[in-house]
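**Student:** One predicted model, sequence on top.
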Amino acid sequence: MNFFSRLFMLGIHHRWSTLVLLAVVTAVSAAGLPRIRVDTGFRSLIPDEAPGRAVYERIVREFGSDQKTLVYVRDDRLWTLDRLAALRKLHTALENLPFVERVESLFTLRSVKGTEDSVTVQTLLPESFTDPSEIDRIREEALSHPLAVGNFLSRNGTSTALVLTLKETSFGDVNSGDTNRMLEQALDPARSVFEEVFQVGPQRINEALRSVLFQDLKRLGPLSAAVLVTVILALLRSAVAAAIPLVTAGLSILCTFGVMGWTGIPLNILCVMLPSLVIAVGSTEDTHMIATYLQGLDKPSAAGRQASAQFMVRHTALPLVLTVMTTAMGFASNIFSGIGLIRDFALSISFAIVANGVITLLFVPMALSTWGPVRSNTAAAAASVSGLPGVFVRLFRFTNRRFPKTLLAVTAVLCAFFVYQLTKLYVTNDPLSYFQRDFPLLQDIRKLHRNLSGMNVFYVTLEAEEENAFLEPENLKKIEAIQSFMQKQGIFDRTVSLADLLSWVNSGIHGGSADYQTVPNSRELVGQYLLFFHRRDTEGYISHDYRRANIVVRHSVSDSRTLNRHVQELREVAEDIAGEGIKVFVVGENLMINAAADSLMVSQLQSLAALLVLIFLMMSAIFTSLKGGVISLVPNVIPIILMFGLMGMLEIPLNAGTVMVAVITIGIAIDGTIHLFFRYNDLCRRTSDYEHAVDVTVREEATPLVTASLALALGFGILLFSNFTLVAQFGALSAATMLFALFANLLVTPIIMSRTRLVGLYQIMTLSMHREVLRASPLFSGMSDYQMRKSIVISELNEFVRGDLLVEQGTRGRSMYLILQGKAEVRRRSSAGSQVLAVLGPGEIFGEIGYIRETLRTADVRAVTDVEALRFDFDKIAKDLKLFPYIVAHLNLNISSILGERLAEVMDAMDEIVRKPDPSCAPADGSNPE
Amino acid sequence: MALMLTATWIIPCSAGNEDGLTARFIMGEALRRHELFPHVFEEQTLILIDRAGRRDIREVRRFSSRAMDGSVRFLMTFENPPEIRGVAVLAVEDARGERSARLYLPAYGKRLLTLHGEGGDFLGTDFSIADLIPERLSEHRYERREDQKIGDVYCFVVDAFPVASETEEGPGLGFRRHTIRKDIFFIIRTDYYDRRHRLIKTLSRHDLKRLGKEMWRPNMILMKNRRHLHQTLIKIHRRIFSQAYVPAEIFTSAWLLNNRHLTWPDRRLFRQTAGLGEDSSGSGTAQEHPDAEPAPAPDASAGEMEP
């Protein structure tokens, strides 16, 4: 019994202690629950080492935050006395909010109007209207004001926006709830006056994310549990079998959230998947274990709860540990992501998976040995494998017998097609894409974009080397040129800069002439026009020393690919326009978030590659065969290719959720592969008929694999009910990948396996224990360690119990056996009865005559004690050692020596018989007859 | 804030009436002593300070002239920075109190533009034109509030309500609250409230210098805009009370359009009047002030000033 088996037995032999331990650990962990914090902020979407972050923070400190909140007001009768008064009141109320740094609206817009001998400088909207007829005039002026339309006023004049710049400290997720609430309260009076009023900004988005997060948490976990129970009841037909995974998952989830509270790992939107993932993933192991337990009930040697539980432990301990490790590794590979959202989720889910493994290790054996069913309802079904598992078994047999190569070819073509499709993949990291399309917040944002401008803001900042550089018309024209280019790009809604303010003044003071709608042509005139502005009018567009100029850009682009491409183009053109001596920075929080999309892809590819290498190394080590490592990857890479190809075909983007599907599903799908390989290898130790071993493997593993895959697919499929699109996409893709993995594991992999013999680590470890026996054996006499190992690797380790017939007299066989441990009796049967010819021990061989020359076996060989023996098959050695003829020659020489010795012994025995006189032939007088 | 103000209104104006002085008398005395000198020339530095503490510095010259009929002429010319050198604002308040202002932008062209608009932030400062011209008693209604003690200094408190805007509603300038030193009848602080009685800005006067028997002038004036978190600091470097520095022709369009203001006052005038009337350090005496004498009084400012 191996170490892990002994560990698993703890739950069986120390049931109450195990229960108490579990209860205490769970209680201590759960005490951390009240400390848990929620993080729905956007900062977690930006990599820690985001390039340009320091520059961004410097620019934001200078020109104010790019995180704007927009209050949208629409009313067909907006331009009436009472509506304008109410709007003014709203403006003032917003200004008075403690977290608001600045409010810009129609009321802060300046009007500069000139005639030949006068200039009127005032705010566009006066403090109060003395004459209602003024309103129409001002409305017309506002509609022709270049800074108003698109910024603060819609083209039809019925919608207006108030742009709030919040103080930096307002964006922490702790405060966003209060900020949002106070904003909404400030809008309430206006809602009773205007036809439509709403606000959009970071605080509302945060609150929406938070609210949806909790809705999902309350819904998805219970749904997953219900589906799990239904599937297990249907397939395993045991209430206890359905309850156990719920208990292990429940304890794991509780512990995980508690530990998150203790350690400060925040709950984020990806964590809504956590309960469903734990239930789905944890249930696969529980299902395997329970299915094995139920198989144990059918075995006479393992009847009864405790015995069946022990049977289960012996057969599932090591695979369980391996699958927990690989699954946790799959999730944990995301811990090194630079994006906090993914990293925090990876930490929490990895812990949850490991916790689930430990809890399973302790709880399941204990529960089954105490409360497990005493009869298996699946025995009959297992014998014939009906239902969906049966379909897979029959399909496998059909394809393996008739069209194995065709199936492999079809699979290869399918993969090639999907590889082509995956070239269409694109990445997006826009947080607004997390919401469903009809979410009220998105509807409001779209409305805002339609009537005014998008709510996303970024800055194009130009920095000169000297002060007052942007008093020079030449440099102001560069700003104009950059804005003109952005207009041509056609994806940004609105830009505003110092150049706009100055050209508008220039035009205004010249009676509104369009000829003067350009920056002034002298530094002095620029400086003198700037006297019309208060610093608050210009602080968002120019530094106080006129060394840095800022273009504020508003847009509503949500596709990272499009935005990144256009921003890159903008950067290049702006640098070209700015020329020597002026640096250009294009910065914004939403830019950093979208730019992280590329790093998302790169880091996930790295994680995927690392995970594949890790699995390859692990499986190669387990089977001491690189071939084994490669083969184990096949059923895991196929589903990934199909999944990515599907994404490309359906234009599902790679985002913070879907980008993790590959690594997570590999970590889970390898579970099925490990079970398959272990079972196959186990069977190969007892039979040389690999085809039969594969057939039995598929038949025995079909039910748990299908059950587990279905449960996983359904469990992931539950995530489709999430309100977050990235979670729903993750769920759908993971469910599909589980089904692809089932196809690969039960149809493709067995075909490859049946043509491969793998040596397990277990076997090598066993052989190392018999090193001295092997060295002393005449079969390896004169051979180097290398030659010996090479010969052993292609042999099979067979185990026999006392009384087993290893070789039967009169049968044909080309196998030779080398006893490692135990004793075997060679007995020849004849008409006169049977006679023991020899008792063989460790290091001795038998069956060598049949190995050398195909002939009938000359005697029975039966195990007197439990026996471990290496089996050498002539055909296999001839095939596998084709490239090592000297090893084959040495083996044959040693066998010849052994045969020669046997012959010499036989001759000596015959001589002995001849020398002994036959009492029936002796002379009567006692003389020697010769 | 509204409650406080209401409470102060409820307290009858008898508060402080123990001395029998009315609000109007107090204001009149304050204006008479300190604001009504006929000819004043000042060299000033305007420092505009934004919410982050960053500063814009402008050098200006200010000329004011008060006629016997009560009309006031006021000229401000910009010396620095170079791009605004020569910009001038000419404001006139006639005997009836009608105010007009004209603006000269040299780079725009040779014309004086009549300046219209509410002027709440005159040429980028936190002052309006009205803030720079002494108020007219006839245009206001005054109410006395409870006296205050600031530090060791006792002060009158007078609310001034512009008569013309009293019937208007909604936002906009409501009233001003003056805090006036009792000992010298000097307005050391003025708080500006809008019609909803919210404090918009505060003007405070610092570094007071006695320039005559009764006249005091501040060498620093600070306007804090509480709504926009912006400040304007005026530092007076040189102050001369002399008609020679403020001749009538400087208030004409010809003077400005010919850019004569760029070189006025010229160096000859400075040499002629050197030592006779400068108040560049606060220790000199006004050239034409009849009650010129040294100024021994301590400087009780209106409170702390922002750096």
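**Tutor:** Here it is on my side, so go on.

**Student:** mind giving me the domain ranges of chain B?
**Tutor:** Here the domain parsing of chain B from automatic domain parsing is B:1-36+B:136-197, B:37-133+B:231-307.

**Student:** and of those domains, who's closest to chain A?
**Tutor:** Comparing the domains of chain B by their distance to chain A (Cβ to the nearest Cβ), the top pick is domain B:37-133+B:231-307, with 2.9 Å. Bear in mind the C-beta positions are built from the backbone N, C-alpha and C, glycine included.

**Student:** How about the closest one and chain A, any contact?
**Tutor:** Yes - using Cβ under 8 Å from any Cβ of the partner chain, domain B:37-133+B:231-307 reaches chain A at B:48, B:50-52, B:54-56, B:81-84, B:87, B:103, B:105-108, B:111-119, B:121, B:123-124, B:126.

**Student:** how deep is A:Ser133 tucked in, by neighbour count?
**Tutor:** Neighbour count of A:Ser133, defined by other Cβ atoms under 10 Å in any protein chain shown: 7.

**Student:** should've said A:Gly387
**Tutor:** A:Gly387: 15 surrounding residues under other Cβ under 10 Å.

**Student:** related to what we said a few turns ago, can you put the domains of chain B in TSV and add mean pLDDT?
**Tutor:** Shown next, in TSV, are the domains of chain B (pLDDT from 0 to 100):
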stretch	mean pLDDT
domain B:1-36+B:136-197	78
domain B:37-133+B:231-307	78
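
**Student:** Show me just the buried residues among the residues of domain B:37-133+B:231-307 next to chain A.
**Tutor:** Buried members of the residues of domain B:37-133+B:231-307 next to chain A, counted by 16 or more other Cβ atoms under 10 Å in any protein chain shown: B:48, B:50-51, B:56, B:83-84, B:87, B:103, B:105-108, B:112-113, B:115, B:117-119, B:121, B:123-124, B:126.

**Student:** Flag every residue of the stretch 51-200 of chain A that's near chain B.
**Tutor:** A:61-62, A:85, A:88, A:92, A:95, A:114, A:116-123, A:126-128.

**Student:** Just the ones in helices from those, please.
**Tutor:** Judged by DSSP state H, the subset of these located in helices is A:61-62, A:85, A:88, A:92, A:95.

**Student:** how much space is there between the closest residue to A:Glu796 other than its chain neighbours and chain B?
**Tutor:** Spatial nearest neighbour of A:Glu796, excluding adjacent residues (Cβ to Cβ, 6 or more residues apart in numbering or on different chains): A:Arg871 at 4.6 Å. To chain B, A:Arg871 is 85 Å away according to Cβ to the nearest Cβ, to the nearest Å.

**Student:** Paired strands for the strand or helix carrying A:Arg871, with orientation please.
**Tutor:** Assigned by DSSP states H and E, A:Arg871 falls within strand A:867-873. Paired strands of strand A:867-873, with direction, are strand A:796-800 (antiparallel), strand A:815-821 (antiparallel) (DSSP bridges).

**Student:** Dump the C-alpha coordinates for the last one into PDB.
**Tutor:** I take that to be strand A:815-821. The C-alpha trace of strand A:815-821 is given here as PDB (Å, rounded to 0.1, in the frame of the first residue of the first chain):
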ATOM      1  CA  SER A 815       7.100 -15.800 -22.900                       C
ATOM      2  CA  MET A 816       9.900 -16.400 -20.500                       C
ATOM      3  CA  TYR A 817       9.700 -15.400 -16.800                       C
ATOM      4  CA  LEU A 818      12.300 -14.200 -14.300                       C
ATOM      5  CA  ILE A 819      11.200 -14.600 -10.700                       C
ATOM      6  CA  LEU A 820      11.800 -11.500  -8.600                       C
ATOM      7  CA  GLN A 821      10.100 -12.600  -5.400                       C
END
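
**Student:** what mean pLDDT does it have?
**Tutor:** Per-residue pLDDT over strand A:815-821 has a mean of 90.

**Student:** what about dumping the CA coordinates of stretch B:197-211 to PDB?
**Tutor:** Provided in PDB are the C-alpha atoms of stretch B:197-211 (Å, rounded to 0.1, in the frame of the first residue of the first chain):
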ATOM      1  CA  HIS B 197     -26.600  82.900   1.400                       C
ATOM      2  CA  ARG B 198     -23.700  80.600   0.500                       C
ATOM      3  CA  LEU B 199     -20.300  81.900   1.000                       C
ATOM      4  CA  ILE B 200     -18.600  82.400  -2.400                       C
ATOM      5  CA  LYS B 201     -15.500  84.300  -1.700                       C
ATOM      6  CA  THR B 202     -13.600  86.200   1.000                       C
ATOM      7  CA  LEU B 203     -11.500  89.300   0.600                       C
ATOM      8  CA  SER B 204      -9.000  90.100   3.300                       C
ATOM      9  CA  ARG B 205      -6.600  93.000   3.700                       C
ATOM     10  CA  HIS B 206      -3.200  92.500   5.300                       C
ATOM     11  CA  ASP B 207       0.000  94.400   6.100                       C
ATOM     12  CA  LEU B 208      -1.800  97.600   7.000                       C
ATOM     13  CA  LYS B 209       0.200 100.800   6.800                       C
ATOM     14  CA  ARG B 210      -0.900 104.100   8.200                       C
ATOM     15  CA  LEU B 211      -0.500 106.700   5.700                       C
END
